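# Sequence and predicted model, in that order:
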Amino acid sequence: MYLVKILYGAILLPPGLFIAALLLLAWLGRRRPLLARSALLAAAVLYLASIHIVSGPLMRSLEARYAPPAHVAGDVIVVLGGGATLDTPNLGGPGHLGGSAANRLLTGLQLHHTLGVPIIVSGGQVYATDGVEADVARSILRGVGVPEGSIIVEAASRNTTENAANIAAILKERGFARPILVTSAYHMERAVRQFRKAGVAVVPFPADYQENIAWQTHYTDFLPAAYRALQLTVALKEYMGIAAARWY
């Protein structure tokens with residue numbers, strides 16, 4: 001049953017279903033070379049874009065750039081947002097954080113309990129259908145016992161550039177000098193560059209790892225999966241963001 005589950009996930013669900021359809025099209029159109037070759041090329045590209053053996057190393061190359069310090073110290077924790085729902089029911093009010101945003105906040109909460117310093121939660125409403133990330137994060141922190149006076153909300157930023165600029169102003173206003181930056185490990189390189197542009201030296205504390213540190217090849221690394229295509233998209237987006245950071 002385990003093998004059946006693996007196979008139906010790789011063949012009967014996208015993108016495996018589309019890859020199989022393209023291969024079938026190539027076979028049916030084998031008497032038309034241009035059609036067959038185009039279908040085979042499209043199948044190959046879709047396959048490579050949706051397997052872990054391709055997306056995994058790209059993600060790991062981003063996540064390996066920074067490591068959590070063995071002995072972390074700072075006077076404030078900065079947690080960057082990563083998406084929130086608008087009206088889903090929650091204990092402290094409407095809205096839930098996305099997976100990456102929730103993992104970042106959890107690491108920020110652990111650091112708060114360890115160091116006892118305030119937390120800045122940063123992130124606004126990117127689209128009309130999104131929740132205000134910082135407000136949702138504040139509600140969650142209050143619900144698990146973090147004092148209101150230890151939570152600072154930055155709810156206007158819509159991207160990493162604005163995160164850095166808005167937080168830089170808060171740090172200057174409140175006299176914080178050594179911020180600990182918490183964001184996803186794959187996002188840390190771009191975030192550090194943006195904070196540096198804003199004149200802020202941060203202590204990077206990566207969270208929300210998507211890959212193991214040590215690579216171990218498994219046969220499932222060669223099976224197509226939609227979430228691997230998403231992983232590739234996220235990694236490529238980060239590389240493009242890093243390249244563009246010098247201008248924006």
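Thanks, I have it.
# Report the buried residues of the lengthiest helix in the chain.
With secondary structure taken from DSSP state H, the chain has its longest helix at helix 226-244. Going by neighbour count (16 or more other Cβ atoms under 10 Å), the buried part of helix 226-244 is R228, A229, Q231, L232, V234, A235, E238, G241, I242. (Glycine included, C-beta is placed from N, CA and C.)
# OK, contacts around the fourth one?
Going back to what we said before, that points to L232. Applying Cβ atoms under 8 Å, 6 or more residues apart in numbering to L232 gives the contacts A49, S50, V54, S55, L58.
# got the end-to-end distance for stretch 133-152?
This stretch, stretch 133-152, spans 13 Å end to end (Cα to Cα, to the nearest Å).
# what distance separates it from the centre of its chain?
Computed by Cα atoms, centre = their mean, to the nearest Å, the chain-centroid distance of stretch 133-152 equals 21 Å.
# and if you look at stretch 137-157?
Counting by Cα atoms, centre = their mean, stretch 137-157 comes out at 21 Å from the chain centroid.
# between the contacts of L232, which is closest to V4?
Of all the contacts of L232, S50 has the smallest distance to V4: 20.1 Å, by Cβ to Cβ.
# Quick check: the closest one is in a helix.
No: counting by DSSP: H, G, I helix; E, B strand; the rest coil, S50 falls outside a helix, being coil.
# isn't it right up against A229?
Yes: using Cβ atoms under 8 Å, S50 makes contact with A229 at a distance of 4.2 Å.
# so what sits against both of the two?
Taking Cβ under 8 Å, 6+ apart as the contact rule, S50 and A229 both touch P15.
# Now do the strands in the chain.
Ranges of strands in the chain, per DSSP state E, are 76-80, 119-122, 151-154, 179-184, 203-207.
# Alpha carbons of the longest one, as CSV, please.
C-alpha atoms of strand 179-184 as CSV (Å, rounded to 0.1, in the frame of the first residue of the first chain):
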residue,chain,number,x,y,z
PRO,A,179,18.6,43.1,16.6
ILE,A,180,18.3,39.3,16.2
LEU,A,181,16.7,38.7,12.8
VAL,A,182,14.5,35.6,12.4
THR,A,183,13.3,34.5,9.0
SER,A,184,13.3,31.4,6.9
